[in-house]
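**Student:** Task: produce atomic coordinates for the following.
(2 chains, ligands or ions: 2)
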Amino acid sequence: MYKLVLCWRYLQTRYIALASVISVTLGVATLIVVNSVMSGFTHEMQFRIHGILSDIVFDGHGLEGFADSQWHMQRIRQIAGDDIQAMTPTVHVPAMLNYRVGQRWVHRQVNFIGIDPATYSLVSDCADYLQHPKNRDAPSFQLRDGGYDVQDRELGEESPYRHGMEMAGWPHRRRIGAEEKAWVAAQKKNNPQLAVPERVGRADPFSGIATPLRAAESEAGVVQQWGPVSEDQVYDKATQQETGVIIGYALAQVLGREGDHYFLVLPGDDVKLTFPTAGTPPKAVSGSFTVVDFYQSKMSEYDSAFVFAPIEKLQEMRGMINPSTGVANVNSIQVKLREGADIEAVRDKLRAAFPPELYAISTWRDKQGPLLAAVQMETAILNILLFLIIAVAGFGILAIFFMIVVEKTKDIGILKSLGASGGGVMAIFLSYGLLLGSVGSGAGLVLGLLFVNNIDHVRRSVEWISGQPVFDPSIYYFQEIPTLVDPQMIVWVIMGAMAIAVIASVLPALRAARLHPVEALRYE
Amino acid sequence: MSDITSHASHERTASATGAVLSQNRPDLSCSAGYDHEPKSNTPVQISVRGLKKNYQRGSNVIPVLRGVDLDIREGEFVAIVGQSGCGKSTLLHILGTLDQPDAGEIVFSDQRIDNLAARKRDRLRNNTFGLIFQFYHLLPELNAEGNVLLPLMIGQGFFGYLSKRWAFRRRAAELLEKVHLSHRRKHKPRELSGGEMQRVAIARALVNGPQVLLADEPTGNLDRAAGQEIFEILRNLNATENLTIVMVTHDEKLAEQADRTVRLVEGRIE
Ligand SMILES: Nc1ncnc2c1ncn2[C@@H]1O[C@H](COP(=O)(O)OP(=O)(O)O)[C@@H](O)[C@H]1O
Ligand SMILES: [Mg+2]
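**Tutor:** Ligands and ions are numbered 1, 2, ... in the order given. Have a look, this model is predicted:
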């Protein structure tokens, strides 16, 4: 009892000791803030990556892919049947996205993916990242009749305005269709000699001027006609579309001066994609496609690279369909596992069943391994550094406790003369340390949580004071700094801080316990 | 003054007349102690035999106690006098099991206590011996009541103390009343005078109902009047509660008023 009473009294009367605990408070607060922000980022990133990638990716090596996805999916289902929720075949190919901006062609290196929209949305959340509400419910490669989001739907009112999106879809396409028609008509009228081919005119209103791309195509003799349209030549851009593609948001978007978004291409515009065929050696093929929606996962890596098209179209254009059997090749099979399945275990089962020289089987985590590992590493290093701060605080506590023990030497003698045991005296100082640790880490907890909860206010104040943007949402795509408070992390941090406080008080407490009562009483 | 002190002072005036020496003799007096009303009828409570204690200072061994033999009877009021530095405090500490002798033994109620395990000595100090010091030795963080309660808190476990805390508080209040400090219950030591602090220390020493009170120059830091008051309290406790009291003192006048005075000279009892 006296132990509690005394350590409580010491807490009330020794403010210097409280000062020593401020460093514990700061350490705990920073640890909580840093960990919350880091795990917020990690979680957000993982969430998005996982939304984009399926649980397990079953890849054939190379561009050619493997035949008969149906047979493979059956095999996979046999091996890991219980755990599998959905599967879908995909075709992946590196490609060049070309579109015209004013007088110039823009080329972007992309990752062209052929998907089956119905089953692909079962294995990944890709539909959630589309910009048309109906596409989010049921993704489709048909151009929509307007109604695309003009602002980020997650960020809402305050997010930058997307210029042009209000027109996107058929209205936009009708308008450019009409403009092109007028232009072609004008060209024909001015220069009847110039044969403006119907198709080229349609796809490229400026084809009277030979572009390097056109020239190169003709020379190489691989003039795959742009676009897929059937041979009936009455193609009206205002009412018809090419094969739809969904392109990454960042492939089309540019920032305006006020931070609002402008687009080089809108849903309704046509773009050209150039990609290798499946044969050996691969040849380049090009096709004309109509952008039907944007894909915005907010992971810049994906948003600036992904282009989705219907899988059959890709298989056909790349020559992946065996002419004799009609069976198509695919590059990979995306597997979605049911909730709670052990992804790694399923991967290992599949790895055991399929020869590794033919198939690469990896989880979404494996795919993002380096990125996630880097973040984890960073978190670990920060944690170590911050715990060192608390350890420094521990030495402060040690020094101050020694001071207090010296100051209290006589009192220790008194307690012993009244029958207190060495252990009892030691307990006073240990519980004093524990109490200081709890006060320090409790204050740190409150401070840290307050900081985390108001992190955007803090960010704004810092930005206001320093005049420098601390966190640029356009870089991270998050409007707010993501945070995630993990209760387990908090328990660890607090236990760690308390342990350090107690450990720091062990030596002084031992000294107090060993003090000879008579010496202590004589001490003046 | 209250009942205890006034009763004691009557007895004192009678006995003090028999006192002789002291004033013109400097404190080196090695003559026999003045035995006053020997309580020879009660059994011996503390028996000290051949007690030796040396201190090491550097390489020299300084013998302080060189073989002390002393018997203290139950209910006896013994004053120990002697030159400053002759080892009175050391003897008292050893008696109170605060320190251990190098040789010799102490038997208390037919039990050797000098070589007990630390835990048992702690318990003895807590509830069998009450210690009082020259410099009061109160804890500055606690008020008068808290200081008086301290031995109870030490002796009882957490729950034991909590369950009996009201009884304990009453006991503390009674004792503070007995030493005329009811009005100072909530005062911190630094708000008390020397005499008041010493009275708190006496209440503290008494709170666990000890059998022996060991007082090391309890009046050494007080003026004559306050010192006399403290002494009256002790004297009265001795008379009314039959408490054995061993008091180290410098003050020959006070020593004379004890039942018996023993003189410590050159590490021995004369
Ligand atoms: N820890 C110690 N180390 C060395 N000498 C000591 C120590 N404690 C006490 N002494 C010496 O022992 C002698 C007796 O001390 P003490 O019992 O306090 O005397 P008294 O109480 O009679 O004045 C003194 O000479 C003192 O200097
Ligand atoms: Mg002394």
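**Student:** Tell me the pLDDT of residue A:486.
**Tutor:** Looking at residue A:486, its pLDDT reads 88.
**Student:** got a list of what it touches?
**Tutor:** Residue A:486 sits next to A:35, A:36, A:39 when contact means Cβ atoms under 8 Å, 6 or more residues apart in numbering or on different chains. To be clear about C-beta, it is placed using only N, CA and C from the backbone, and glycine gets the same treatment.
**Student:** Looking at those residues, which one is closest to residue A:422?
**Tutor:** residue A:35 (39.8 Å; Cβ to Cβ).
**Student:** Would you mind giving me the confidence score for the residue in chain A that chain B sits nearest to?
**Tutor:** Of all residues in chain A, residue A:419 sits closest to chain B, at 2.6 Å by Cβ to the nearest Cβ. Residue A:419 carries a pLDDT score of 89 in this model.
**Student:** The one 3 residues further on now?
**Tutor:** Per-residue confidence for residue A:422 comes out at a pLDDT of 88.
**Student:** pretty sure it contacts residue A:517?
**Tutor:** No: if you go by Cβ atoms under 8 Å, residue A:422 and residue A:517 don't touch, sitting 9.5 Å apart.
**Student:** Tell me, how many residues neighbour the residue of chain A closest to chain B?
**Tutor:** 24 (other Cβ atoms under 10 Å in any protein chain shown).
**Student:** likewise residue A:360?
**Tutor:** 15.
**Student:** With the one 5 residues further on instead?
**Tutor:** Residues near residue A:365, counting by other Cβ under 10 Å, number 17.
**Student:** Which residues are in contact with the closest residue to residue A:341 other than its chain neighbours?
**Tutor:** Excluding its sequence neighbours, the residue lying closest to residue A:341 (Cβ to Cβ, 6 or more residues apart in numbering or on different chains) is residue A:83, at 3.9 Å. Residues near residue A:83 by Cβ under 8 Å, 6+ apart: A:337, A:338, A:341, A:342, A:346.
**Student:** Can you turn the buried part of the residues you listed into a PyMOL selection?
**Tutor:** Buried residues within those, by 16 or more other Cβ atoms under 10 Å in any protein chain shown, are selected in PyMOL with:
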select buried, chain A and resi 337+341+346
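**Student:** Nearest to ligand 1, out of the contacts of residue A:83: which one, please.
**Tutor:** When those are compared for distance to ligand 1 (Cβ to the nearest ligand atom), residue A:342 wins out at 69.1 Å.
**Student:** for that closest one, what are its contacts?
**Tutor:** residue A:83.
**Student:** Just want the phi and psi numbers for residue A:308.
**Tutor:** phi -110, psi 140 (degrees, to the nearest 10).
**Student:** ok, it to residue A:87 distance?
**Tutor:** Relative to residue A:87, residue A:308 is positioned 17 Å away (Cβ to Cβ, to the nearest Å).
**Student:** For the two, work out which one has more neighbours and name it.
**Tutor:** Each of residue A:308 and residue A:87 has its neighbours counted (other Cβ under 10 Å); residue A:308 has more, 26 against 21.
**Student:** who's that one bridged to?
**Tutor:** residue A:113, residue A:246 (DSSP bridges).
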